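> model the following, please.
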Amino acid sequence: MRRLLVPVAAFVLGALALRVAVVPAEVCPPVEARSVRSAAAEAAAWLERGARPGGLYTYGYDRKRDEVSGDYSITRHAGVMMALYRLAAEAGDARALASADHGLRFVRARLVRRDGWAAFTEPANDAGIGASALAVAALVHRRLATDDGSQDDLIRELARFLVAQQQPDGSVLGSWSPSTGRPVPGTYSKFGTGEALWALALVDRLLPGEGWDGPAKRLARYVATRRDDVEGYVLTFPDHWAAYGLAELGPSGLGEPEVAYARRLAGIFGLNSRLEAQSGEAGLRRVMRGEPASGAGLGTIGEGLAGLWRLSVADPRLGDLSYDLAERLRCTASRTARRQTDPGEAAGFPRPLLARGAWFSEDGYTQMDDQQHSLSGLLATLPVLVGGRG
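Just a heads-up that it's a prediction; the model follows:
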């Protein structure tokens, strides 16, 4: 009997070491729709309080140095508008609508028009597809929130820019040059490809019968079959925007290659969610899994999972994924809500209103996309928490 004690003890200790050091237990606190709505409202309030003259928003804040960032990104500007319009569409939030309309003035002042299309870009700079694609997504959500068709022509103009960038193989070149008046050959945008897919799919849903489905489906097929090779990704790129786009196209718009791609994305986002749930700020969790994700990182995990969950509910070919995706969404949402700076914590910093409702990195910095992506990810989780399938 004693001979067995040593190997059994060694096995138990080895299993415990493996569990703690290599596969730490996940930390997924319980989460309710009420707490998610509250966190989303606080994130939106941070963005709304950041409104600045000329249609701008506050870009970032360093709470350790008490410094407001002087940087800016028009793509993130459009993303903030999109998140606020989405809140207005899904929750009837009038303040979010007004704040997004504030940002729309900045967009309209920075449009370049050629050959029937319009691009949202800084003057004299190459026009990237990401800013225009997210401006389209923002305006579609504005239409859903208000039923106001006054921006429909601008939606079409911006969408035509994306189509003008599309190549015969379905890909979309990442930028357009004002000096040559042509797309820049061989350029691709890391996130712009997926953003363009989502934008075109949204326009087709909003304005059916106008021919937007063709470019959207060609781009979806490219993303599913060739993008990683063409754009230089060794592994499938974890693109939450593409997940949104696939969900918007829906079962009737997807062939088997797109369904297989969606299944790969689900595996990637599920793994990212698990790794995040095993991470920590100190100890072995920090050593083995690194520091917790940024607000933007948390948000994009939630967004990717939510888009794929929505698709799995609609498409029987992916129905076996619904339950697991819903569980990963609940876990990610719970961690997102708990990582947000609450009013009590914010009171301990020099500018509480720039700290409250934000997600800060370990070095004490937050920027607009931390709140934008977290807000969008939380909103996208609500259907699961209020009784959705899964």
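
> the residue nearest the centre of the chain in helix, strand or coil?
Nearest residue to the geometric centre of the chain (Cα atoms, centre = their mean): T300, 4.1 Å. Secondary structure state of T300, per DSSP: H, G, I helix; E, B strand; the rest coil, is helix.

> where along the stretch 201-350 of the chain do the helices fall?
Ranges of helices within the stretch 201-350 of the chain are 213-225, 227-231, 240-249, 256-278, 283-289, 295-314, 322-339, 343-346, based on DSSP state H, counting those that start in this stretch.

> could you list the buried residues of the fourth one?
What that stands for is helix 256-278. Neighbour-count burial for helix 256-278 flags 258-259, 261-262, 265-266, 268-270, 272-278 (criterion: 16 or more other Cβ atoms under 10 Å). C-betas here are computed from N, CA, C, even on glycine.

> packing partners of it?
Applying 3 or more Cβ pairs under 8 Å, 6 or more residues apart in numbering; DSSP states H and E, we find helix 256-278 packed against helix 213-225, helix 240-249, helix 283-289, helix 295-314, helix 322-339.

> mind doing that once more with 10 Å?
The contact analysis (3 or more Cβ pairs under 10 Å, 6 or more residues apart in numbering; DSSP states H and E) places helix 256-278 against helix 213-225, helix 227-231, helix 240-249, helix 283-289, helix 295-314, helix 322-339.

> relative to D126, which of those is closest?
helix 227-231 (17.6 Å; Cβ to Cβ).

> the nearest residue to G174 once chain neighbours are set aside: which element?
Leaving aside its sequence neighbours, G174 sits nearest to S189 (Cβ to Cβ, 6 or more residues apart in numbering; 3.5 Å). For S189, there is no helix or strand it lies in under DSSP states H and E.

> could you check how far S189 is from A247?
From S189 across to A247, the span is 21 Å (Cβ to Cβ, to the nearest Å).

> equivalent analysis for A277, please.
The spacing between A277 and A247, counted by Cβ to Cβ, is 23 Å.

> likewise R86?
Counting by Cβ to Cβ, the gap from R86 to A247 is 14 Å.

> between the two, which has more neighbouring residues?
When neighbours are counted by other Cβ atoms under 10 Å, R86 and A247 differ, and R86 comes out ahead with 27 against 23.

> now for the more buried one: which residues touch it?
Counting by Cβ atoms under 10 Å, 6 or more residues apart in numbering, R86 touches 40, 44, 93, 96, 100, 137-138, 140-142, 144-145, 372, 375-376, 379-380.

> the residues you listed in helices, which ones?
Among the contacts of R86, the members found in helices (DSSP state H) are 40, 44, 96, 100, 137-138, 140-142, 144-145, 372, 375-376, 379-380.

> follow-up on the earlier one: grab the nearest non-local neighbour of the residue nearest to the centre of the chain.
Nearest non-adjacent residue to T300, counting by Cβ to Cβ, 6+ apart: H240, 4.6 Å away.

> likewise G55?
Of all residues not flanking G55 in the chain, F106 sits nearest, at 3.0 Å (Cβ to Cβ, 6+ apart).

> dihedrals phi and psi, that neighbour?
Main-chain torsions, F106, degrees, to the nearest 10: phi -60, psi -40.

> before we move on, the earlier item: highest neighbour count among the ones in helices among the contacts of R86?
A40 (32 neighbours).

> which stretches of the stretch 51-200 of the chain form strands?
Using DSSP state E, counting those that start in this stretch, the strands of the stretch 51-200 of the chain run over 60-62, 67-68, 111-114, 117-120, 127-128, 175-177, 182-183.

> for T341, find the nearest of those strands.
Of all the strands of the stretch 51-200 of the chain, strand 60-62 sits nearest to T341, with 10.8 Å by Cβ to Cβ.

> pull up the pairing partners for the closest one, direction included.
Looking at strand 60-62 with DSSP bridges, its partner strands are strand 67-68 (antiparallel), strand 365-367 (antiparallel).

> output those as JSON lines; include the columns mean pLDDT, distance to L385 and mean neighbour count.
Converted to JSON lines, the strands paired with strand 60-62 look like this (pLDDT from 0 to 100; distance: least, Cβ to Cβ, whole Å; neighbours: other Cβ atoms under 10 Å):
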{"stretch": "strand 67-68", "mean pLDDT": "98", "distance to L385": "34", "mean neighbour count": "14"}
{"stretch": "strand 365-367", "mean pLDDT": "97", "distance to L385": "25", "mean neighbour count": "22"}
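
> which stretch among those strands comes nearest R156?
It's strand 365-367; of the strands paired with strand 60-62, that one is closest to R156 (Cβ to Cβ) at 31.4 Å.

> neighbours of the residue nearest to S35 when sequence neighbours are not counted, how many?
Using Cβ to Cβ, 6+ apart and skipping residues adjacent in sequence, the residue nearest S35 is A337, 5.2 Å away. By other Cβ under 10 Å, the residues close to A337 number 24.

> residue contacts, R330?
Going by Cβ under 10 Å, 6+ apart, R330 touches C28, P29, P30, V31, E32, V36, S273, L305, T381, V384, L385, G390.

> measure stretch 60-72 end to end?
Terminal residues of stretch 60-72 lie 9 Å apart, using Cα to Cα, to the nearest Å.
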